[in-house]
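[1] kindly generate the corresponding structure for this input.
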Amino acid sequence: MTVQFDVDIRKTLRAGPREFHLCLRLHTDSQRIVIFGPSGAGKTLTLKLLAGLERQDAGHVRVGGETLFDADAGIDLSVQARRMAFVFQDYALFPHLDVRQNVGFPLRRGWLNPRRTRRDPAVEHWLETLGLAEVAHQYPDQISGGQRQRTALARALVMQPRALLLDEPFAALDPELRAHLRNEFDCLQRRLQVPMLLISHDPVDAEVFGDHVVRLRSGVLVPEDATVAAAT
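    Prediction:
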């Protein structure tokens with residue numbers, strides 16, 4: 001089987017006299033990984049390093065057999081070249097763009113925002129797939145929390161990502177909507193077979209999505225099976 005994530009991350013953050021060390025090794029052929037742990041464990045930092053939004057100090061990142069970062073070999077692909085779709089906890093939608101423009105934003109060329117009148121086949125496909133076609137002309141503050149989450153997912157998927165990185169994607173939702181959208185996304189991921197790495201402090205997320213669950217505590221993985229090792 002193809003190794004989906006082969007990760008060796010070393011990163012030290014300093015703020016005055018304080019230091020935080022993230023030392024994480026993960027080697028898995030699972031398409032559905034949940035990193036589970038409390039606030040401050042280093043979960044969001046891990047996603048940022050995988051996506052290339054921050055640069056790690058040492059180690060490597062390989063996804064689906066492709067090397068995205070290797071400190072020893074001098075490989076450090078740009079955020080765009082990594083094609084790791086990051087879905088932020090607050091969805092990070094642009095309030096001045098409607099749903100269709102938000103979804104199409106990764107496909108834009110140059111500095112201009114997507115035009116409201118533009119109809120891109122890939123954008124229209126994901127609007128239909130995620131049930132957003134009827135609200136495509138509306139702005140983020142005019143749609144529900146569930147629709148905002150679907151918009152963020154559509155924006156991530158339109159770029160045909162190598163993998164999805166999800167930062168507490170259900171945390172901001174009320175319990176009923178959270179359960180509904182968990183089920184929706186579970187079905188969607190199984191159908192699309194897009195590798196995903198989801199971080200959460202909610203044990204239900206780990207139960208639903210965790211074909212491979214690891215625990216992160218104070219920057220170090222706590223082993224739960226033979227394929228996971230805490231970095232030394």
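
[2] in contact with the closest residue to Gln31 other than its chain neighbours, which residues?
    Distances taken as Cβ to Cβ, 6 or more residues apart in numbering place Pro195 nearest to Gln31, at 4.6 Å, with adjacent residues excluded. Yep, even glycine has a C-beta here, placed from its N, CA and C like the rest. By Cβ atoms under 8 Å, 6 or more residues apart in numbering, Pro195 lies in contact with 4-5, 31-32, 63-64, 162-164.

[3] now, the most widely separated pair of those residues?
    Of all pairs drawn from these, the greatest distance, 15.1 Å, lies between Arg32 and Arg162 (Cβ to Cβ).

[4] these two: which has the busier surroundings?
    For Arg32 versus Arg162, neighbours defined as other Cβ atoms under 10 Å are more numerous around Arg32 (20 against 17).

[5] for Phe5, see how far away the closest residue to that one other than its chain neighbours is.
    Residue nearest to Arg32 in three dimensions, not counting chain neighbours: Asp211, with 4.1 Å by Cβ to Cβ, 6+ apart. Asp211 sits 12 Å away from Phe5, taking Cβ to Cβ, to the nearest Å as the criterion.

[6] neighbour-wise, which of the two wins?
    In this comparison of Asp211 against Phe5, neighbours counted by other Cβ under 10 Å, the higher total goes to Phe5 at 20 against 12.

[7] pull up the gap between that one and Pro95, please.
    Computed with Cβ to Cβ, the distance linking Phe5 and Pro95 is 33 Å.

[8] tally of neighbours for Thr203?
    Just so we're on the same page, residue 203 is Pro rather than Thr. For Pro203, the tally of surrounding residues (other Cβ under 10 Å) stands at 12.

[9] check the one 4 residues further on too.
    In terms of burial, Glu207 registers 12 neighbours under the definition other Cβ under 10 Å.

[10] what does the one 5 residues further on give?
    Using other Cβ under 10 Å, the number of residues around His212 comes to 21.

[11] identify the residue spatially nearest to it, adjacent ones excluded.
    Nearest in space to His212, with sequence neighbours left out and distances taken as Cβ to Cβ, 6+ apart, is Ser30 at 3.7 Å.

[12] in this protein, where is pLDDT below threshold?
    Using pLDDT under 70 as the threshold, the predicted model of the chain has low-confidence ranges 1, 110-112, 223-232.

[13] what about the helices in it?
    Counting by DSSP state H, residue ranges of the helices within the chain are 43-51, 79-82, 99-104, 121-129, 145-157, 175-192, 203-209.

[14] that older thread, which of the contacts of Pro195 fall in strands?
    5, 32, 63, 163-164 (DSSP state E).

[15] now tabulate the residues you listed in CSV and tack on distance to Leu188.
    CSV is the format used below for those (distance: Cβ to Cβ, whole Å):
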residue, distance to Leu188
Phe5, 20
Arg32, 12
Val63, 20
Ala163, 15
Leu164, 10
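
[16] out of those, which comes closest to Ala81?
    Comparing those against Ala81 with Cβ to Cβ picks out Val63 as the nearest, at 11.9 Å.

[17] what's the distance between Asp174 and Gly145?
    In this view, Asp174 and Gly145 are 8 Å apart by Cβ to Cβ.

[18] and Leu164, by the same measure?
    According to Cβ to Cβ, Leu164 and Gly145 sit 19 Å apart.

[19] quick one: which of these two has more around it?
    Set side by side, Leu164 and Gly145 show unequal neighbour counts under other Cβ under 10 Å, the larger going to Leu164 at 22 against 14.
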